[in-house]
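K.L.:
Fold the following.
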Amino acid sequence: MSCHGVGNRRDPAWGILVTPYNLVTCNIEQTMITCHVFERLTFKGLSTFFIITVIAFFTQCESGDAATTGEESDQINILGSESFGHVGFSHTFGTPETPFWLHANRDGRIPLHSGNNLLIFGGYHTAFLRESDVVDLDAGFRLDSRLSDADNALKFTELYTHFRAYGWKLSAGRFYDTIGLNSGYLTTGSLMMSRNALQPFKLRLSTHDFLPVPLTGNHFSFKVRWSEAFLTDNRFVSNARIHQKYLYLKLQPVKEIHLMGGIVHNLMWGGMHPEMGRLHGTFDDWLNDVLGQPDDGVFGNRSPLGNGLGAYDFGAEYRGRTWSAGAYRMFYIEDRESIHIRSPWDGMWGGFLDLHDEERPHRLINYITYEHINTKKQDAGTGDAFGRARYYSHNLWRDGWVHHGLVLGNPLILIDPEKMGSRERIIVNNIILGHHVGLAGNFDGNLSYELLATYSRNYGICDDQTSGGSCRGSEENPVQLREDYVPFHELRRDRYSLLFKLAFPVGIVLDAVMPSGLSGTTGISGNTPTSGVASGNSSGTSTSTGAFAVSGRSHPASGYMQTASGRSHAGYGRGLQMYISVALDAGEFHSRPLFGFELGISMSL
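P.N.:
Presented below is the predicted three-dimensional model:
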């Protein structure tokens, strides 16, 4: 298949394969595959390799069959097939540590500690059945390869199928799956499930959108999900699983007003403990765990067995013709004590303003969001140390709310990747107070930007206050009076994280390589809905609208980094976009400031 997607099968195809030990480049022509194997690359040659990759990519795209007919392309468009590719390179000056916004919320593509990273990935999405608005079936994948200082990797970051019928949806595989009423764009990430880590493989049954409650005149609607996921990384408790469910209700007194609230439950359970053996492997055990029934033999009838976390989640939105605005509040739940909102200030506050006037699509500011994150108290009572509940951590499932070395929730909560799979708790910083602002807009019709600015106060974990002793105290024997107590204010380390990104199209239509009869058919579509549970974006469907074809409010199909271009390139043409990002981390949190950049090219094929 050529880069047009409908080329002659005799056209050669060029590809790469990255293994932990070498790089393989392959040329496929008819039934012959010719591959060249190179030893592990050093980053002295990465810049040259980057250029060669881009040249080879375009060379093969231009070799498409010029005799391809418009009728063939029409058929492909009707089926809803889409594909995209991306090449990117990032570098941090003077240190192997990666600035926060070069690795956070990137679906696990960039390691925490890697000064140089070369990414090459591509994906494909197709609709097998789309006879009406009632029933559809689609599937897709995204294959990522990475060369970095830390490690090399080849993995599917997406591999999924979705079946939708009568408002319900059954999904299987690995796909982007955020949970929460936060805006989803320019965010630090949900406290439940964000796009920070590689998603686990899962089976999910959910409503596709908010479904109206009968006999309410569409003023009341609901949204539910039930899913089971399987963790595939190297963990202290191997083969653990994740159960997730939620129920959201929405009141819509008038068309523009949306008032929403829900409850979310996540549970890491099961698996093989290296000392205790299999943890709750029967159906009855699973049922007790997901229903929150306590295990008397392990926790003395206080808490269910499993690494559980959840939330009470509330939001309100106004959705007008030329602008939308919303606010949300998530109350974090770690255990049974949290259910009664023992720590009312813990969780996330946020709001956004979205300007989408079609008559003025290229504003200097199209979108702005603000978030406040607080995980300070953590159920601490009088005499307890702050952070007593140990958010994202657990005594048995010691790797915590983590998958493949990255937090599944908000990335401001930090881990020590060196502890992955060991007896030590991997979460090393879960007491934070943070503020975040995100801006997106256009300098002109083609040059768009994103600005992320995050400030956080970091206090480590509760054990840092007690030199590893118990975090529990009492009014009669407070932790603060112990000889080994470290004053809370002395643990504070401030962190400032910035990212500025510019993106611009290089060629919306490349006439030199377009099949005859298709020139000029590339269209520009409108804005897409705000992502997240509130918008009905299904909170987990891959929105395959092209590698960079996003409006500035939904996650792109590439999952790479949202753009604020306010346009999407569709139809039979191809869109090519380049971007450059610069990132800075400063403050006492780091021994020295971190400064890095990223360059990339994305193409819809």
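
K.L.:
Least confident secondary structure element in this structure?
P.N.:
For the chain, counting by mean pLDDT, DSSP states H and E, strand 523-525 ranks last in confidence among helices and strands (a mean of 27).

K.L.:
Phi, psi for the residue nearest to residue 406 when sequence neighbours are not counted please.
P.N.:
Leaving aside its chain neighbours, residue 406 sits nearest to residue 197 (3.8 Å; criterion: Cβ to Cβ, 6 or more residues apart in numbering). The C-beta positions use only the backbone N, C-alpha and C, and glycine is treated the same way. With angles defined as degrees, to the nearest 10, residue 197 sits at phi -100, psi 170.

K.L.:
Compute the distance between residue 197 and residue 427, please.
P.N.:
13 Å (Cβ to Cβ, to the nearest Å).

K.L.:
what sits in contact with each of the two?
P.N.:
Counting by Cβ atoms under 8 Å, 6 or more residues apart in numbering, the contacts common to residue 197 and residue 427 are residue 402.

K.L.:
before we move on, back to that, to what extent is the residue nearest to residue 406 buried, counted in neighbours?
P.N.:
Close neighbours of residue 197, defined as other Cβ atoms under 10 Å, add up to 23.

K.L.:
was I right about it contacting residue 404?
P.N.:
Yes - under the criterion of Cβ atoms under 8 Å, residue 197 makes contact with residue 404 at 6.1 Å.

K.L.:
Show me the common contact partners of these two, please.
P.N.:
By Cβ under 8 Å, 6+ apart, the residues touching both residue 197 and residue 404 are residue 108.

K.L.:
excluding its backbone neighbours, what's nearest the residue at the greatest distance from the centre of the chain?
P.N.:
Within the chain, residue 476 marks the point farthest from the mean C-alpha position, 44.9 Å out by Cα atoms, centre = their mean. Closest residue to residue 476 in three dimensions, ignoring its sequence neighbours and counting by Cβ to Cβ, 6+ apart: residue 383, at 7.5 Å.

K.L.:
Return stretch 226-239 as CSV; C-alpha atoms alone will do.
P.N.:
Extracted as CSV, the C-alpha positions of stretch 226-239 are listed here (Å, rounded to 0.1, in the frame of the first residue of the first chain):
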residue,chain,number,x,y,z
TRP,A,226,-18.2,-1.4,33.4
SER,A,227,-14.7,-2.6,32.4
GLU,A,228,-12.0,-5.1,33.2
ALA,A,229,-8.4,-4.5,32.3
PHE,A,230,-5.2,-6.5,32.4
LEU,A,231,-1.8,-5.1,33.4
THR,A,232,1.1,-6.4,31.3
ASP,A,233,4.1,-4.8,32.9
ASN,A,234,6.8,-6.2,35.2
ARG,A,235,5.2,-5.7,38.7
PHE,A,236,5.7,-6.8,42.3
VAL,A,237,2.2,-8.5,42.1
SER,A,238,2.3,-9.9,38.6
ASN,A,239,-0.8,-10.3,36.3
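
K.L.:
Please work out the average pLDDT along it.
P.N.:
If you average the pLDDT over stretch 226-239, you get 91.

K.L.:
so how far is that stretch from its chain's centroid?
P.N.:
Its chain's C-alpha centre and that of stretch 226-239 lie 18 Å apart, by Cα atoms, centre = their mean, to the nearest Å.

K.L.:
Flag every buried residue along it.
P.N.:
Residues 227, 228, 229, 231, 232, 233, 235, 236, 237 are the ones in stretch 226-239 that count as buried (16 or more other Cβ atoms under 10 Å).

K.L.:
now the second one, what's its secondary structure?
P.N.:
Going by DSSP: H, G, I helix; E, B strand; the rest coil, the secondary structure assigned to residue 228 is strand.

K.L.:
coming back round to it: which of the buried residues of stretch 226-239 sit farthest apart?
P.N.:
227 and 236 (23.3 Å; Cβ to Cβ).

K.L.:
Poorly predicted segments of the stretch 301-450 of the chain, please.
P.N.:
301-305 (pLDDT under 70).

K.L.:
So which residues of the chain form helices?
P.N.:
Ranges of helices within the chain are 46-61, 70-79, 100-103, 283-290, 296-299, 336-339, based on DSSP state H.
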